[in-house]
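Trainee: Structure, please.
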Amino acid sequence: METQHVPVLLAEAIEQLNCKPNGIYLDATLGSGGHAYTILKDNPQIKWLVALDCDGDAIKQARSRLEPFSHKTFIFQANFITLRAILKELAVKEVDGILIDLGVSSLQLENPNRGFSFRLKGPLDMRMDKRLSSTAFDLVNTYEASRLEHLFRTYGEERWSARIARALVRERKKAPIADTVHLSNIVTTAIPPAHRPRKIHPATKTFQALRIVVNQELDNLTKVIEEGIDLLAHQGRLCIISFHSMEDRIVKHHFRKSTTRYIYPDGVRAPGRLQAGTLRIITKKPITPQPEEVSNNPRARSAKLRVAEKV
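Mentor: Residues are numbered from 1 along each chain as shown. Predicted coordinates:
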């Protein structure tokens with residue numbers, strides 16, 4: 001039976017995208033097509049939906065799901081940092097809205113062969129795009145302790161990063177750390193029992209950090225925000241759903257940076273004058289899931305939707 005991913009903040013994201021008749025929209029993280037399907041179903045007057053995803057398995061499922069709308073849907077297996085090239089290929093100069101969902105899909109989490117889950121035994125992979133050369137196995141088994149510590153502290157915000165890094169280096173001397181459960185057990189044991197988190201699995205932050213680095217997620221997020229803002233039409237909206245604090249900070253920073261800026265005459269940084277930016281922030285505070293959604297889909301609990309509009 002195929003795993004069906006439940007899209008997070010579905011109604012809120014579609015409402016905020018504010019689709020217009022004859023508009024062109026971009027779903028930059030298609031996944032299995034949950035958001036895209038609703039965009040197309042609820043907005044029959046839009047001209048096109050362009051959809052990207054780097055995961056080939058997700059693309060197959062989405063193509064089947066979106067078949068009723070194939071006449072107005074263009075699907076590409078590609079990382080969202082290539083969106084400018086994709087739109088150029090379609091001779092599209094600007095779009096009326098962009099949706100980006102930064103979450104890991106159920107399709108990925110519940111397939112043990114993908115290596116994303118600390119609960120299911122599988123190879124240490126974690127590549128969203130199987131065409132990438134480096135896997136989590138490579139990081140865990142080749143990075144020196146100091147580099148692993150930096151990775152876990154910076155990208156996982158893991159308090160016990162040094163202990164975990166030392167434990168991994170110690171254990172891999174016996175044999176390569178090759179599967180997710182082995183890694184999960186090492187991480188759990190490295191954290192003092194009294195300090196192991198109760199609300200999340202002890203290996204959650206370590207797995208998050210490895211996944212972020214394998215897929216270059218934060219660097220790519222910065223790039224896609226900058227490209228997305230540039231490619232939006234007037235009054236076009238950029239809607240981004242994030243799932244952890246680092247992503248949310250990047251989105252918040254870039255939105256704010258693009259709203260206003262100081263212009264300094266002749267390169268002198270005083271006194272300067274304030275000039276209107278390229279964006280208007282729609283969500284002063286991020287939109288979060290209602291309790292009912294979190295109850296039905298616990299993976300939605302940390303989701304935050306931020307929206308900005310091109311001016």
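
Trainee: by contact count, what packs against the helix ranked longest in the chain?
Mentor: Taking DSSP state H as the criterion, the chain has its longest helix at helix 217-231. With contacts defined as 3 or more Cβ pairs under 8 Å, 6 or more residues apart in numbering; DSSP states H and E, helix 217-231 has these neighbours: helix 83-89, strand 95-101, strand 232-242, helix 245-257. C-beta: built from backbone N, CA, C; applies to glycine.

Trainee: Now do the strands in the stretch 1-150 of the chain.
Mentor: Per DSSP state E, counting those that start in this stretch, the stretch 1-150 of the chain carries strands over the ranges 24-27, 48-53, 73-77, 95-101.

Trainee: residues of the shortest one that come out buried?
Mentor: Read that as strand 24-27. Buried positions in strand 24-27, judged by neighbour count with 16 or more other Cβ atoms under 10 Å: Ile24, Tyr25, Leu26, Asp27.

Trainee: What of stretch 71-91?
Mentor: For stretch 71-91, by 16+ other Cβ under 10 Å, it's Thr73, Phe74, Ile75, Phe76, Ala78, Asn79, Phe80, Ile81, Thr82, Leu83, Ile86, Leu87.

Trainee: And that stretch, end to end?
Mentor: By Cα to Cα, to the nearest Å, the extent of stretch 71-91 from end to end equals 17 Å.

Trainee: if we can go back for a sec, what's the farthest-apart pair in the buried residues of stretch 71-91?
Mentor: The most widely separated members of the buried residues of stretch 71-91, counting by Cβ to Cβ, are Thr73 and Ile81 (21.1 Å).

Trainee: Distance of Leu231 relative to Glu247?
Mentor: 20 Å (Cβ to Cβ, to the nearest Å).

Trainee: neighbour count winner among the two?
Mentor: Taking other Cβ atoms under 10 Å, Leu231 and Glu247 do not tie; Glu247 has more neighbours (22 against 19).

Trainee: ok, for that one, nearest residue in space, not its chain neighbours?
Mentor: Leu102 (5.4 Å; Cβ to Cβ, 6 or more residues apart in numbering).

Trainee: Return the helix or strand in the protein with minimum mean pLDDT.
Mentor: Every helix and strand in the chain was compared by mean pLDDT, DSSP states H and E; the lowest is strand 273-276, with a mean of 57.

Trainee: Following the chain past it, name the next helix or strand.
Mentor: strand 279-281 (DSSP states H and E).

Trainee: which helices and strands does that next one pack with?
Mentor: helix 245-257, strand 304-310.

Trainee: Tell me which of those sits most buried.
Mentor: Comparing the helices and strands packed on strand 279-281 by mean neighbour count (mean count of other Cβ atoms under 10 Å), strand 304-310 ranks first with a mean of 23.

Trainee: could I have it exported to PDB, CA atoms only?
Mentor: Extracted C-alpha coordinates of strand 304-310, given in PDB (Å, rounded to 0.1, in the frame of the first residue of the first chain):
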ATOM      1  CA  LYS A 304       5.100  27.600  10.800                       C
ATOM      2  CA  LEU A 305       3.700  29.300   7.700                       C
ATOM      3  CA  ARG A 306       5.100  32.700   6.800                       C
ATOM      4  CA  VAL A 307       3.800  34.700   3.800                       C
ATOM      5  CA  ALA A 308       5.100  37.800   2.000                       C
ATOM      6  CA  GLU A 309       3.800  39.600  -1.100                       C
ATOM      7  CA  LYS A 310       5.700  41.300  -3.900                       C
END
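
Trainee: circling back to that earlier point, got the contact list for the longest helix of the chain?
Mentor: If you take Cβ atoms under 8 Å, 6 or more residues apart in numbering as the criterion, helix 217-231 is touched by 28, 79-81, 83-84, 87, 94-95, 98, 100, 102, 155, 211-212, 238, 240, 246-247, 250-251, 254, 258, 278-279, 308, 310.

Trainee: same question, stretch 246-253
Mentor: Contacts for stretch 246-253 (Cβ under 8 Å, 6+ apart): 102, 155, 157, 212, 217-218, 221-222, 225, 240, 242, 286, 304, 306.

Trainee: one more time with 6 Å, if that's ok
Mentor: With contact meaning Cβ atoms under 6 Å, 6 or more residues apart in numbering, stretch 246-253 is reached by Leu102, Leu221, Ile240, Ser242, Lys304, Arg306.

Trainee: returning to what we had before: give the contact list for the residue nearest to Glu247.
Mentor: Per Cβ under 6 Å, 6+ apart, neighbours of Leu102: Ser242, Phe243, Glu247.
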